[in-house]
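Enquirer: sequence isn't available, so here's the structure alone:
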């Protein structure tokens, strides 16, 4: 099934087509088979021209049989709820959809066999529907809690088209110390600049981003400053993509020097992930550059680094994953990302890590020293 | 009864008076008797204080009975509940061994009851009575059997009898004597006796002798048999792994020819009828294999043969030693041929050692496996049904084999109980047997449990946490039979886990698991079929209705789609039905095969 077009009626139309095809097969006593794109690293290609991970040709086939009839019945049941939401414009979280489905079953005893024992069961059905329709869950009005992406700027203006057609204009310079936070589906936003914006800085730690703003970063530089808050959510990924496409400004990522940040945070921001192959086109910002912390920064600024803790499961796992990534991840294998794979190799070889906050030790009496280093790095092109 | 002369199963390090070399060293003067054929037996010597020229401390020797009376915990009397179980166990073991020796189908009656308060703190006074229809005991042997330690007809004979050492029943008498001030009450009658003899037997602890009191004769309504009754302090534990019921059930399982009637507190009289009329033919003992002995045992063994030539002793006294081996000893073993022609009594300890080492270095054939006894798959199959309502079971008898240079035979029975009250996540019940005696304590260190834990039971359809025994309403019964079982302690509660034995047990368990898995597979397929049929019934209308609502399809389409879906899923159900039939056929083939094997065994 082709990727759904991003028009309002695309999902209902595709859903009806899918159901009709199922019904026709059943009328002929023919076994329906559904195909979905396989979302895993072994089906991920890195296309340097577009700059993100794209799906390969592998498909997962789901055949209707006695074993899968329960799953299929649940999927059609949940699809009905989602289509109803789309028609009314209602949105829900996965947790809310779990309770909505429980409510439906409570009021219709014949649906009792479909009952979900816990939210994991209903979540997997929602994911299954998205795989069948090849759409994002936001496209069926199922939103996650907005997380990360707190944005500050003295130049940026955001115009949002509301469901009723009204437009809301947010001038970020008028928000004082409050940040602007993007929604999980930032495609409805239009961006403009009151003055020329020189760059966009995405900081891994939202706390550090707030510190930089409090110390006057956005006052001194025509910039957009954003906190990613760890692994970027759909909101952060889509927001970065929007800034890249609509404002055409250079984007820099500033975060820790460790395997986890490189693979789970920066790679996801820049090229998307294997789990979201079908939506990387809208949820990755291939132009973003890795500003640091770079291995050479440790020596240059005499930063305090430390050895990877052998008993820290997450750190050890990240290093193991880095070994695999160098062998199997098409992103790190591509020659255009050689600089990034060199960092991974350095991390594997030295088994050391350095945090972004280490820049605060360079001159403890000057709170703007990290800002100065960041700006200096941008000016000198000291990034990858 | 024969007084036994060497002790392959006892750890001579723990019991220093068993070490003949030491005996020789310690007593130069009175050692004339010791050099005779009865030399190293633990004499029931009176406590004889002796003075030493170099020390003022008096060195005393203790009798065997004295040793055990102070160390009863070593032979199963370490707690009050264990005391009751061990007393019962020793009495039943003796009854069964006696019946087998006499070629009699055993009928054993057991009574365990509380008669009052015990003399020990928090104890009850318990009566344990065991009555059998065995051959009875000659009057002269009564004090030896019940009142003298290491007086046994079985010790070290290399036969698969339950009792081996002649310790247990005397220890029970000692416990009764220590806690209730009365020994064992015995009534016995042999075929040759007109009247039965009734008496009290006590242990003369200082001299390791049985003493008979209150002897009288009486008329008894049977041709032969023995009743033994103990009044002991203890506490009764009926259930659980260390419970009396577990012991009695286990004993019934591995003795299909036994009719057992028991009366336990708070329970009605219960009879377990025999399911086999075949008395197990306990194979005759084979001579010991030199590679299974230690030097001390080797020397002690020589004392049985007095003035015999060394070559004659080696050929007659050991298995797998023949003329060819003797030639090799002189050719390559460094033993002079003149030494082989000398009388045994002229050999020094050093010469014994040289000879022993040379034999250890020779390649000898593995010992014969003819001395082991098996219950047999057919008898086990019948017997296992006596454990309760059984869904299905698998039994397996391995061929006798050699482990650690000792003949051994493993049998396994696995049954699933119908008792649905047993929680699915509770560990299976493991019943362990050594020479057809249930083992009920210290299971974690036992070779049997280690072997069970090493098998991947998940492959056979049982739930199993990592490195643990499997879970569910199953009984796994494992029997190890060998004339030389290596126990970890004198109370025979745990079989030593040597690598070879654990591997042999593991193989037996795997084979039994494979047989069992055919039942589980069939059951799984039947459940699968049932679930599929239920799925068709439940989900077909829901799915089709949902599709029709989304597509706004008319009722005509709905009906047609429903019919199509039922047809479609019906094919799946039929496929499962075929698989179920195939699984049933495999199971049937297995049954036919085992029936044929049983018939063949019966015919032979």
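Expert: In hand now; what should we look at? For clarity, every value in this text was computed on a predicted model and none was experimentally measured.
Enquirer: beyond the biggest helix by length in chain B, next helix or strand please.
Expert: The longest helix of chain B (DSSP state H) is helix B:499-551. Helices and strands here follow DSSP states H and E; after helix B:499-551, the next one along the chain is helix B:555-603.
Enquirer: can you identify the element that follows the host helix or strand of residue B:382 toward the C-terminus?
Expert: Using DSSP H and E, residue B:382 sits in helix B:377-384. For helix B:377-384, the following helix or strand on the C-terminal side (DSSP H and E) is strand B:390-397.
Enquirer: tell me what the helix holding residue B:382 is packed against?
Expert: Packing partners of helix B:377-384 (3 or more CB pairs under 8 Å, 6 or more residues apart in numbering or on different chains; DSSP states H and E): helix B:244-254, strand B:390-397, strand B:406-417, helix B:555-603. Yep, even glycine has a C-beta here, placed from its N, CA and C like the rest.
Enquirer: list phi and psi for the closest residue to residue B:102 other than its chain neighbours.
Expert: Nearest residue to residue B:102 in three dimensions, chain neighbours excluded: residue B:135, at 3.4 Å (CB to CB, 6 or more residues apart in numbering or on different chains). With angles defined as degrees, to the nearest 10, residue B:135 sits at phi -70, psi -10.
Enquirer: count the neighbours of residue B:135 for me.
Expert: Neighbour count for residue B:135, taken as other CB atoms under 10 Å in any protein chain shown: 21.
Enquirer: ok, now residue A:9?
Expert: Residue A:9 is flanked by 10 other residues according to other CB under 10 Å.
Enquirer: check whichever residue of the stretch 151-300 of chain A sits closest to chain B and give its pLDDT.
Expert: Residue of the stretch 151-300 of chain A nearest chain B, by CB to the nearest CB: residue A:278 (22.4 Å). Per-residue pLDDT puts residue A:278 at 83.
Enquirer: likewise for residue A:297?
Expert: For residue A:297, the pLDDT comes out at 94.
Enquirer: ok, it touching residue A:305?
Expert: No: with contact defined as CB atoms under 8 Å, residue A:297 does not reach residue A:305; the gap is 9.7 Å.
Enquirer: quickly list what's touching both of those two.
Expert: Here residue A:297 and residue A:305 have A:257, A:354 as joint contacts, going by CB atoms under 8 Å, 6 or more residues apart in numbering or on different chains.
Enquirer: and these two? which has more neighbours close in?
Expert: Per other CB under 10 Å, whichever of residue A:297 and residue A:305 has more neighbours is residue A:297, with 21 against 17.
Enquirer: name the element the more buried one belongs to?
Expert: Mapping residue A:297 onto the secondary structure by DSSP H and E places it in helix A:295-300.
Enquirer: which strands and helices sit next to that helix?
Expert: helix A:338-350.
Enquirer: how does chain B divide into domains?
Expert: The record assigns chain B these domain ranges, following automatic domain parsing: B:68-263, B:377-517, B:520-603.
Enquirer: got any ranges where the stretch 201-350 of chain A has weak pLDDT?
Expert: Judged by pLDDT under 70, the stretch 201-350 of chain A has no weakly predicted residues.
Enquirer: from it, which residue is nearest to chain B?
Expert: Nearest to chain B in the stretch 201-350 of chain A, going by CB to the nearest CB, is residue A:313, at a distance of 19.0 Å.
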